[in-house]
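Asker: need coordinates for the following:
(one chain, ligands or ions: 1)
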Amino acid sequence: MSFTLFLGIAFCGIVSCALLSYILISYNSRHLFDSSKNRLADYVNGLSYDIERTGFPLGSDTTVSDDLFLLAENYSGRVMVLDNSLRVIFDSYRTKNGLTIVAPEILEGCRNNTHFSCDEEKQTATYVKLISSRSANGENLVFYIRYDVSNELIRSQTSRRYIMLIALSLCIIIFTLAIVLSVAFTRPLRRITRQLESIGNGKIDERLTVHANREVSEMSDSVNRILERSHEMEENRQNFVSDVSHELKTPMTSMKILADALLMSGEELPDMVREFLTDINSEIDRENHIISDLLALARMDRKTDTIHYERTHINETLDVILNRVAPLAESKEVEVVCESYRDIYAEVDEPKIITAITNLVENAILYNRPNGSVYVTLNANMTYFFVTIRDTGYGIAESEIAHIFERFYRVDKDRSRETGGTGLGLAITKEVVNAHGGQIKVYSKINEGTTFSVRIPLAKPVRNGGKG
Ligand code: ADP
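Answerer: Next up is the predicted model:
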């Protein structure tokens, strides 16, 4: 938008500048010879009276010839007077007296009463005017002057140069103004976008603080009201999920104890009853798993679950995770290979990191093929440590990738049910990674496998404010 605004202002400014300078230049050149033409016209008017008075070219009164010589001198040019058969009766150069001249400009001057033309190359102008006879039987004469206009042309070129210079300066000013205005106009919008991105990335308590002008201020206030409303709704939802999970947890625990007690009682139970009780037991386990995950998420949502940062040897943490998933890998006939490039220490909440990475490694095993592999790598730079979990499993379709971190989202419902998952694992992982100020990314190709890469800061993020 900033570029479009810049282009708009620059285009309008430059076009107006070009138009203005064109108008000025053409006005200037159109009226350049006006004053000399007017002076000559007045002169020829006066000349007709003198001709009438002195009987020029006859008679002994030389006033007219003297005036014409003076005029030729003043204009640094050649003055001629021709009779109506175009014979020269006066020539200030005295070379064409008595000759007949049929030049196009003279003919046009006779036809139109007046003619003016300028030869820029020779820096001369030609002015021809018919001198109408004042007496009824007198004949018309033709006044002709070719004079030097170099001064006018220089003046015109100078003013043309000035106009161009002013136009160029104006263009530069408009260009700068266009940049300044487009940046100034779009700066609040860019700040709003940045703040909205940050809110969208999880800082849901933040609000827009851009109040550059009335319109932007009103927009910020409206967006803040919407954010406040959705925040309230989100809080209600979280409270609801948390309350329901809590309410379910107690009866589930009681049911589990009762089912376990019945199974362990040592009483001889009919086979069918024992089978049903075992099924009930595993269903209760599954429900308990979901409730625990939901409660964990609710705690993280409500920020009641602070991150307890502790200096942790991440290589050891990874060993714990791999030992934990080893039985699962064995039962699924999946090989887990781990590679760590150095000893890495980071300030993290170890139990939470274990939960998060375990979810990823378990998924890599569960959504794999028999005899498939899972490659876990650990590396770090100066700021972050990186864990990547790559599997050779079914992969995830591109259209599904955007949703897999949503709660209860499962790509292949049947397969996911088979694996016993809850659809909450990745949501928990993402919450944990975000809470640590980290990032999680997924790359997947269907039928080839999936790679999850996690990036977590080595040091506790300042903004988090969790207990260290
Ligand atoms: P679940 O408990 O169902 O595993 P998750 O939140 O852990 O729930 O995962 C969500 C969905 O993402 C899963 O149901 C599965 O379809 C898909 N998924 C997760 N990890 C992988 C993986 N490594 N390979 C293929 N699909 C995966």
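
Asker: just the CA trace of stretch 89-97, in PDB.
Answerer: Included here for stretch 89-97 are C-alpha records, laid out as PDB according to Å, rounded to 0.1, in the frame of the first residue of the first chain:
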ATOM      1  CA  ILE A  89      11.200  51.300 -53.800                       C
ATOM      2  CA  PHE A  90      13.300  51.400 -50.600                       C
ATOM      3  CA  ASP A  91      16.000  49.100 -49.400                       C
ATOM      4  CA  SER A  92      18.100  50.000 -46.300                       C
ATOM      5  CA  TYR A  93      20.900  47.900 -47.800                       C
ATOM      6  CA  ARG A  94      20.600  49.900 -51.100                       C
ATOM      7  CA  THR A  95      21.200  46.700 -53.200                       C
ATOM      8  CA  LYS A  96      17.700  45.700 -54.300                       C
ATOM      9  CA  ASN A  97      16.200  49.100 -55.300                       C
END
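
Asker: buried set for that stretch?
Answerer: 90-92, 96 (16 or more other C-beta atoms under 10 Å). For every residue, glycine as well, the C-beta is placed using N, CA and C.

Asker: what is the nearest of the residues you listed to the ligand?
Answerer: Ser92 (105.0 Å; C-beta to the nearest ligand atom).

Asker: these two touch, right, that closest one and Tyr75?
Answerer: No: using C-beta atoms under 8 Å, Ser92 is not in contact with Tyr75; the gap is 9.7 Å.

Asker: out of the buried residues of stretch 89-97, which sit inside strands?
Answerer: 90-91 (DSSP state E).

Asker: closest one of the buried residues of stretch 89-97 to Ile199?
Answerer: The closest of the buried residues of stretch 89-97 to Ile199 turns out to be Ser92 (C-beta to C-beta; 89.9 Å).

Asker: for that closest one, list the residues it contacts.
Answerer: Residues near Ser92 by C-beta atoms under 8 Å, 6 or more residues apart in numbering: 68-69, 71-72, 77-80.

Asker: now do 6 Å
Answerer: 69, 72, 78-79 (C-beta atoms under 6 Å, 6 or more residues apart in numbering).

Asker: quick check on those: which are buried?
Answerer: Of those, these count as buried by 16+ other C-beta under 10 Å: 72, 78-79.

Asker: count of neighbours near the residue of the chain found nearest the ligand?
Answerer: Relative to the ligand, the nearest point of the chain is Gly421 (2.3 Å; C-beta to the nearest ligand atom). For Gly421, the neighbour count with other C-beta atoms under 10 Å is 21.

Asker: how would you label it: helix, strand or coil?
Answerer: Classification of Gly421 using DSSP: H, G, I helix; E, B strand; the rest coil returns coil.

Asker: read off the pLDDT value for it.
Answerer: On pLDDT, Gly421 comes in at 73.

Asker: filter the buried ones among the contacts of Ser92 down to just the ones in helices.
Answerer: Counted as lying in helices by DSSP state H, out of the buried ones among the contacts of Ser92, are Ala72.

Asker: for this protein, what lies in contact range of the ligand?
Answerer: Contact residues, the chain versus the ligand (C-beta under 6 Å from any ligand atom): 359, 363-364, 367, 391, 393-394, 396, 404, 409-412, 416, 421-427, 450.

Asker: hmm, try it at 5 Å
Answerer: For the chain, the residues in contact with the ligand (C-beta under 5 Å from any ligand atom) are 363-364, 367, 393, 396, 404, 410-411, 416, 421-423, 425-426, 450.

Asker: out of these, which are inside helices?
Answerer: 363-364, 416, 425-426.

Asker: and the residues you listed, which two are the farthest apart?
Answerer: Ala364 and Ser416, at 14.2 Å, using C-beta to C-beta across these.

Asker: rewinding a little: could you measure from the residue of the chain closest to the ligand over to Ala435?
Answerer: Per C-beta to C-beta, to the nearest Å, Gly421 is found 22 Å from Ala435.

Asker: follow-up on the earlier one: nearest to Tyr345, of the residues of the chain next to the ligand?
Answerer: After measuring the residues of the chain next to the ligand against Tyr345 - C-beta to C-beta - the closest member comes out as Ala364, at 25.1 Å.

Asker: what sits against the nearest residue to the closest one once chain neighbours are set aside?
Answerer: Closest residue in space to Ala364, ignoring its immediate chain neighbours: Asp391 at 3.8 Å, by C-beta to C-beta, 6 or more residues apart in numbering. Applying C-beta under 6 Å, 6+ apart to Asp391 gives the contacts 364, 368, 374, 449-450.

Asker: Asp391 bridge partners, please.
Answerer: Val374 (DSSP bridges).

Asker: show me where the stretch 301-450 of the chain has strands.
Answerer: For the stretch 301-450 of the chain, applying DSSP state E, counting those that start in this stretch gives strands covering 310-313, 335-340, 345-348, 373-380, 384-391, 439-445, 449-457.

Asker: what's the fourth one packed up against?
Answerer: Pointing back at strand 373-380 there. strand 335-340, strand 384-391 (3 or more C-beta pairs under 6 Å, 6 or more residues apart in numbering; DSSP states H and E).

Asker: quick one: the longest one to strand 373-380, angle?
Answerer: Right, strand 384-391. Strand 384-391 and strand 373-380 are oriented at 170 degrees to each other (axes from the mean of the first three to the mean of the last three C-alpha atoms, to 10 degrees).

Asker: then strand 384-391 to PDB, C-alphas only?
Answerer: Provided in PDB are the C-alpha atoms of strand 384-391 (Å, rounded to 0.1, in the frame of the first residue of the first chain):
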ATOM      1  CA  TYR A 384      18.600 -21.900  20.400                       C
ATOM      2  CA  PHE A 385      18.700 -25.700  20.600                       C
ATOM      3  CA  PHE A 386      17.000 -27.700  17.900                       C
ATOM      4  CA  VAL A 387      15.300 -31.000  18.100                       C
ATOM      5  CA  THR A 388      14.100 -32.700  14.900                       C
ATOM      6  CA  ILE A 389      12.100 -35.800  14.700                       C
ATOM      7  CA  ARG A 390      11.900 -37.400  11.300                       C
ATOM      8  CA  ASP A 391       9.900 -40.500  10.500                       C
END
